[in-house]
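Undergrad: With the input below, show me the fold.
(one chain, ligands or ions: 1)
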Amino acid sequence: MRVDSSLIHRLFYPQVPLVMAAQHRGRVSAMPVVSYLSVSEKPPMVGVGCMPTGFTCTLALKARAFSLSVLDRSQSDAMAKLASASGAKIKDKLSEAGLPHSIGRRWKVPVLKDALATIECRLAATPRFGDHLVLVGEVVAARASDAFSNSWDFNRYRPMLYTGWRDGLTFYGSP
Ligand SMILES: Cc1cc2nc3c(=O)[nH]c(=O)nc-3n(C[C@H](O)[C@H](O)[C@H](O)COP(=O)(O)O)c2cc1C
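TA: Numbering: from 1, shown residues only. Below is the predicted model:
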């Protein structure tokens, strides 16, 4: 069958969503992202495809920084909350979603207390492709829990595998 252009990204499913977060002048916002990639190893750089109208994207552009966090499948309710509302009218969207956080060790970005891994990024470039910006970040710090030791121990980390949105986040296999 012919695939409509609005559905092309669904051919990539299932995908592991990460939490992209930013803070600026007392405001904290975050959103699930699947359009991320590892751009460079030396220096370490990552990129995230963002809708420029999103509040988290706007905040990351103002702060010139963002973080990316890995959550376990058991935290899928919090991930769903981040997807359901815009941070535009919420002072601290992470806390509102039940995700306590503190400031990064190296950079002024939110670091989620219960994340299995967090990457702190300084914004390095923001190329535009069509209707999205790619926020390219230089990694200034990256930390992971004991579930990661050069690679993930999948007995201790159960990834979320996002398959789409049908009245909420849906996952591949059992929740
Ligand atoms: C699993 C999942 C992955 C998503 N991935 C992206 C993404 O990569 N880039 C993006 O701009 N929006 C993505 N979205 C949409 C945003 O998370 C959503 O629009 C969010 O409500 C934006 O919140 P904000 O306005 O507070 O930033 C995704 C949504 C879901 C549920």
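
Undergrad: For stretch 43-59, buried residues please.
TA: 44-50, 54-59 (16 or more other Cβ atoms under 10 Å). For the C-beta atoms, the positions are set from N, CA and C on the backbone; glycine is no exception.

Undergrad: Please report how far residue 8 lies from the ligand.
TA: Applying Cβ to the nearest ligand atom, to the nearest Å, the value for residue 8 to the ligand is 14 Å.

Undergrad: I'd like to know how far that residue sits from residue 50.
TA: 17 Å (Cβ to Cβ, to the nearest Å).

Undergrad: ok, and does whichever strand or helix holds residue 62 reach over to the ligand?
TA: In this structure, residue 62 sits in helix 55-63 according to DSSP states H and E. Yes. Helix 55-63 reaches the ligand (Cβ under 6 Å from any ligand atom) through 55, 56.

Undergrad: Who are the packing partners of whatever helix or strand comes next after that helix?
TA: Next helix or strand after helix 55-63 toward the C-terminus (DSSP H and E): strand 65-70. Contacts defined by 3 or more Cβ pairs under 8 Å, 6 or more residues apart in numbering; DSSP states H and E place strand 65-70 against strand 18-24, strand 45-50, strand 110-112, strand 117-125, strand 132-144.

Undergrad: Quick one: residues in contact with the lowest-mean-pLDDT helix or strand in the chain.
TA: Least confident element among the helices and strands of the chain, by mean pLDDT, DSSP states H and E: strand 169-171 (a mean of 82). Under the criterion Cβ atoms under 8 Å, 6 or more residues apart in numbering, residues 14, 17, 32, 73, 76, 79-80, 83, 160-164 lie in contact with strand 169-171.

Undergrad: re the thing from before, what's the angle from the helix holding residue 62 to strand 117-125?
TA: 60 degrees (axes from the mean of the first three to the mean of the last three Cα atoms, to 10 degrees).

Undergrad: which ones are touching residue 91?
TA: Each residue near residue 91 by Cβ under 8 Å, 6+ apart is listed here: 26, 27, 28.

Undergrad: hmm, which of those are the buried ones?
TA: 27, 28.

Undergrad: Including secondary structure, could the contacts of residue 91 go into JSON lines?
TA: Below are those laid out as JSON lines (DSSP: H, G, I helix; E, B strand; the rest coil):
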{"residue": "26", "secondary structure": "coil"}
{"residue": "27", "secondary structure": "strand"}
{"residue": "28", "secondary structure": "strand"}
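
Undergrad: With distance to residue 145 added, can I get the contacts of residue 91 in a markdown table?
TA: A markdown table is the format used below for these (distance: Cβ to Cβ, whole Å):
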| residue | distance to residue 145 |
| --- | --- |
| 26 | 29 |
| 27 | 28 |
| 28 | 22 |
